[in-house]
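> Model the following, please.
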Amino acid sequence: MSVIIPIKGVKFLIDNKCLALKFEKKWFSLSSAVLNGGFRKVKTIVNYQVDKDFSDENPEAFLRKVLRNFPKPIVGLMTAADITKFSLKTIRGNLPICALVTAGISNAASVGEKINRMQNLSTINIIVLVDGCLSEACMVNLIGTITEAKSMALIDLDVRSKFSGEAASGTTTDAIVVACRGKGEKIKYAGTGTKLGMLAGKIVREAVKESLRKQGFSPNRPFIQRLEERGISLNQIIDFILEYKPELKSFSKEEIRKIIEEALKDVNVVSLIMAGLRLEEDKAKGLIPGMKKNIDSTLIDKTFGVYIAKLINGDYGAQEFFNLHKTKLLKISKLGVFSRSVIEGLLAGVSSKLKAIG
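Sure thing, here's the model as predicted:
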């Protein structure tokens, strides 16, 4: 694979599970890398791809061994994401900048939440090169800006935590490398309001999104997938329909699945469900003025549900929604008043449609 890094004296190599950057002369780096993290002078930066089931009590020693033939000093990262699905974004001009990203989100998480241990290392690894001279404080500052850009990219794609379903801020094993040539006028700051911060932030945000798209994570992924990312699975929906309406057991699960998927092709249905889920998030954070967190019911939550059911199966769907809403049978965990209403609307619309077919 022929890739040109538009910075003099830097070569790109991808081969045998290694994505590497080689420097003719030593560059200055700061990183959270597994191998030789911290402030370092460096001649090689390598992102090494491990197997999905990789497990080693001493990953630093493992990397030191597998990367032993690269020029030293070296900084080493690791990931289970496919390194051939990398994204490279560049800024040319008076201050050339490159962002090289590999991204996987199998262990995406929301910062501050309780994390269960995961072995999968499909992490987001970000390497940013700046053809200039950055102070140590500036390099620290730039890592902060890069982290913000990464989190904004995940928000752009609505990536959710694998542990809670909340908006993800990163993965549990992300790593960042910042490296500079160390020549020219010293740059002291790299916050979001600086030229360096704005340029680096822009290309990192773009590169993270592009790498995730290459890995198959599409912003236009099926809506049922977005529900599952929030802890609402298709199988749960089907099981509840059969529990609520036992007479529908004459239908196979595959037949019910097709009716649900057909309902979710309607952009109006999807928009109302998404609006209810977003509203639920704002309610949980106390962002809806005048609304108490322990509210039981409101006019607006019923409005979402009844219109979703009506869009799916007209007045019959709407009536089924009110019948279902009264039962309070919905048992999908972590559903608040708005999210419960929109899922009840989907269930009522689909149930009434199946009843009409049967």
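
> any idea of the mean pLDDT in the longest helix anywhere in the chain?
Determined from DSSP state H, the single longest helix within the chain is helix 299-327. Averaged across helix 299-327, pLDDT comes to 91.

> following it, which helix or strand comes up?
Next helix or strand after helix 299-327 toward the C-terminus (DSSP states H and E): helix 337-357.

> what helices or strands is that next one leaning on?
Packed against helix 337-357 by the contact rule (3 or more CB pairs under 8 Å, 6 or more residues apart in numbering; DSSP states H and E) you find helix 234-244, helix 253-263, helix 267-284, helix 299-327. Using the backbone N, CA and C atoms, a C-beta is placed for each residue, glycine as well.

> What are the buried residues along the last one?
Judged by neighbour count using 16 or more other CB atoms under 10 Å, the buried positions of helix 299-327 are 301-302, 304-313, 316-321, 324-325.

> Are there helices or strands packed against that helix, and which ones?
So helix 299-327, by 3+ CB pairs under 8 Å, 6+ apart, packs with helix 267-284, helix 337-357.

> can these go into JSON lines with extra columns for mean pLDDT and distance to K258?
Formatted as JSON lines, the helices and strands packed on helix 299-327 follow (pLDDT from 0 to 100; distance: least, CB to CB, whole Å):
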{"stretch": "helix 267-284", "mean pLDDT": "94", "distance to K258": "15"}
{"stretch": "helix 337-357", "mean pLDDT": "93", "distance to K258": "10"}
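
> Would you report the backbone torsion angles of I176?
phi -130, psi 140 (degrees, to the nearest 10).

> which residues does it form a beta bridge with?
When bridges are called by DSSP bridges, I176 pairs up with I126.

> mind listing what it touches?
Applying CB atoms under 8 Å, 6 or more residues apart in numbering to I176 gives the contacts 31-32, 125-128, 143, 146-147.

> Generate JSON lines for these, with distance to M78, neighbour count and pLDDT as supplementary columns.
Below are the contacts of I176 laid out as JSON lines (distance: CB to CB, whole Å; neighbours: other CB atoms under 10 Å; pLDDT from 0 to 100):
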{"residue": "S31", "distance to M78": "13", "neighbour count": "26", "pLDDT": "98"}
{"residue": "S32", "distance to M78": "12", "neighbour count": "17", "pLDDT": "98"}
{"residue": "N125", "distance to M78": "8", "neighbour count": "29", "pLDDT": "98"}
{"residue": "I126", "distance to M78": "14", "neighbour count": "30", "pLDDT": "98"}
{"residue": "I127", "distance to M78": "13", "neighbour count": "29", "pLDDT": "98"}
{"residue": "V128", "distance to M78": "18", "neighbour count": "28", "pLDDT": "98"}
{"residue": "I143", "distance to M78": "19", "neighbour count": "19", "pLDDT": "98"}
{"residue": "I146", "distance to M78": "19", "neighbour count": "26", "pLDDT": "98"}
{"residue": "T147", "distance to M78": "19", "neighbour count": "19", "pLDDT": "98"}
